[in-house]
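Q: With the sequence up front, the predicted model follows.
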Amino acid sequence: MAFNPNEHQHVRYNPLRNEWILVSPHRTLRPWSGQVETAPLENIPAYDPSNPLCPGVKRASGLVTPIYESTYVFTNDFPALLENVPEPPSSDDPLFQAAPAGGTCRVMCFHPKSNVYLPTMKSEEVEAIIEEWINQMKDLGRKYQWVQIFENRGSMMGCSNPHPHCQIWASSFLPNEPKIKDENQRNYFKKYGRRMLEDYTKKELAKRERIVWENNEWVVVVPYWAVWPFETMVLPKRQIQRFADCDQSQKKELALTLQALVAKYDNLFKCSFPYSMGWHGAPTGDGLNEDQCHWTFHGIYYPPLLRSATVKKFMVGYEMLAQSQRDLTAEKAAAMLREQPEQHYSLSKP
Ligand SMILES: O=C1CCN([C@@H]2O[C@H](COP(=O)(O)O)[C@@H](O)[C@H]2O)C(=O)N1
């Protein structure tokens, strides 16, 4: 019997992280008798006088959030990283190593209203988010080696506040994920003299098996090595190393790309699709003065939902003790998202 990637188990290699994932397509026929979570109710008011992310509301620090019209950024009152703190002593015991962790944490509100999503905003409003993301990367990137923009969307992702926002954590150290991606992109460049993600984007555009959305400047794929069922990557068609390298056309088209992607996500199961998303580009701080030609800026979406608004994938058992595993293939997930309309279901006429 000939191998069929849509039917037969196999492992796939992720060159960005230098790891493998087990794909078991035959399992999608498995009967489900497991957990079913209730779909989150979506009746968020435009304004909540008790929500500190809303204009005019007092925050835990005692500061009052201004009546902002577009985006608004403030230092997190409960930060995981603080500036100017004592440093741990160095240790020569290879088994007990600690190192300084300098940094700062910010919260960025996307919009003054609490009841809007990216796909229901005006595209100019999403462009304003992109502009502010770039401002934050430039501002924090002067001092810090890594600036991680991340959005946790939905209570399923531990988001404690329904107001559209993201967080930005800047650190004096290069965290594990970017360090792994830096090393693997560098090795690929040394070996082939080309950028890994530039080659990958060109090949995905040629193969056309995992494309979710594309426009002149960007392409969204479910990566060949995707772990989460509907995981996607946002890739530039024109090479850039960092967010700040985006030109006007790339910024404008990125806004439209994010609106289409989140609309497709939400249309899939008619819910506010939970996810954690973020951006990875060449390191900053001292990294601004180093050769980063192996890097390609890209976005990542990690959504937990499996087959409905209430069934999430758990990375447990075999996935914690052995390696990641998925049933739904990346190709099938891409097709399901590609087939979704790019207009958000809440905007379509009843
Ligand atoms: O008054 C406040 C409320 C919430 N916050 C911060 O806003 C963030 C809310 O975002 P999350 O729901 O993604 O955690 C959270 O990190 C919380 O610490 C403040 O800094 N001040």
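A: Everything's here; your move. Numbering: from 1, shown residues only.
Q: Quick one, grab the pLDDT at the nearest residue to residue 42 once chain neighbours are set aside.
A: Leaving aside its sequence neighbours, residue 42 sits nearest to residue 272 (CB to CB, 6 or more residues apart in numbering; 5.7 Å). All C-beta spots, glycine's among them, are computed from the backbone N, C-alpha and C. Residue 272 is assigned 94 on the pLDDT scale.
Q: would you say residue 272 is within a helix?
A: No. Residue 272 sits outside any helix when classified using DSSP: H, G, I helix; E, B strand; the rest coil, being coil.
Q: That one contacts residue 157, doesn't it?
A: No. Using CB atoms under 8 Å, residue 272 makes no contact with residue 157, being 10.7 Å away.
Q: And these two? Which one has more around it.
A: Legend: neighbour count by other CB atoms under 10 Å for residue 272 and residue 157, higher for residue 272 (22 against 16).
Q: List the contacts of that one.
A: Each residue near residue 272 by CB atoms under 8 Å, 6 or more residues apart in numbering is listed here: 40, 42, 117, 153, 154, 266.
Q: From residue 305, how far off is it?
A: Distance, residue 272 to residue 305, by CB to CB, to the nearest Å: 11 Å.
Q: Same question for the longest helix along the chain: list its buried residues.
A: Using DSSP state H, we find that the single longest helix of the chain is helix 248-269. Of the residues in helix 248-269, those buried under the neighbour-count criterion (16 or more other CB atoms under 10 Å) are 250-269.
Q: Return the residues in contact with residue 102.
A: 81, 83, 85, 144, 171, 172, 173.
Q: what are the ranges of the helices in the stretch 1-150 of the chain?
A: For the stretch 1-150 of the chain, the helices defined by DSSP state H, counting those that start in this stretch cover 123-141.
Q: and it, which of its residues are near the ligand?
A: Applying CB under 6 Å from any ligand atom, we find that the stretch 1-150 of the chain lies next to the ligand at 52, 59, 60, 76, 77, 78, 107.
Q: Considering the contacts of residue 272, which is situated nearest to the ligand?
A: For the contacts of residue 272, the minimum distance to the ligand (CB to the nearest ligand atom) is 8.8 Å, reached by residue 153.
Q: got the residue ranges for the strands in the protein?
A: Ranges of strands in the chain, per DSSP state E, are 10-14, 19-23, 72-75, 103-109, 146-153, 165-171, 211-214, 218-221, 232-236, 275-280, 298-302, 305-308, 311-312, 325-326.
Q: What strands flank the fifth one, and is each parallel or antiparallel?
A: I take that to be strand 146-153. Note on strand 146-153: by DSSP bridges, its sheet partners are strand 165-171 (antiparallel), strand 275-280 (antiparallel).
Q: nearest to residue 67, of those strands?
A: strand 165-171 (16.4 Å; CB to CB).
Q: Also compute the angle for the closest one relative to helix 123-141, please.
A: Put simply, strand 165-171 runs at 20 degrees to helix 123-141, going by axes from the mean of the first three to the mean of the last three CA atoms, to 10 degrees.
Q: what residues does strand 165-171 touch?
A: Against strand 165-171 from outside (CB under 8 Å, 6+ apart): 53, 73, 76, 80-81, 101-110, 136, 140-141, 143-152.
Q: Please list only the buried members of those.
A: Buried, going by 16+ other CB under 10 Å: 53, 73, 76, 81, 102-110, 136, 140-141, 144-149, 151-152, out of the contacts of strand 165-171.
Q: number of nearby residues for the residue of the stretch 251-350 of the chain at minimum distance from the ligand?
A: Nearest residue of the stretch 251-350 of the chain to the ligand, counting by CB to the nearest ligand atom: residue 276, 9.8 Å away. Using other CB under 10 Å, residue 276 has 18 other residues around it.
Q: so it touches residue 149, yeah?
A: No. Residue 276 lies out of contact with residue 149 (CB under 8 Å); the separation is 11.3 Å.
Q: got the strands paired with strand 146-153 as TSV, with distance to residue 199 columns?
A: Formatted as TSV, the strands paired with strand 146-153 follow (distance: least, CB to CB, whole Å):
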stretch	distance to residue 199
strand 165-171	30
strand 275-280	17
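Q: Save the ones you listed as CSV, and put in mean pLDDT too.
A: As requested, the strands paired with strand 146-153 are exported to CSV (pLDDT from 0 to 100):
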stretch, mean pLDDT
strand 165-171, 98
strand 275-280, 98
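Q: what sits against the residue nearest the centre of the chain?
A: What sits nearest the mean C-alpha location of the chain, by CA atoms, centre = their mean, is residue 277, with 1.9 Å. Going by CB under 8 Å, 6+ apart, residue 277 touches 150, 151, 153, 299, 300, 301, 302.
Q: cool, residue 27 as well?
A: Contacts for residue 27 (CB under 8 Å, 6+ apart) come out as residue 327.
Q: what pLDDT does it get?
A: 90.
Q: what does residue 20 give?
A: Note on residue 20: pLDDT of 98.
Q: Neighbours of it, how many?
A: Residues near residue 20, counting by other CB under 10 Å, number 14.
Q: So, low pLDDT: which residues of the stretch 51-200 of the chain?
A: By pLDDT under 70, the stretch 51-200 of the chain has no low-scoring segment.
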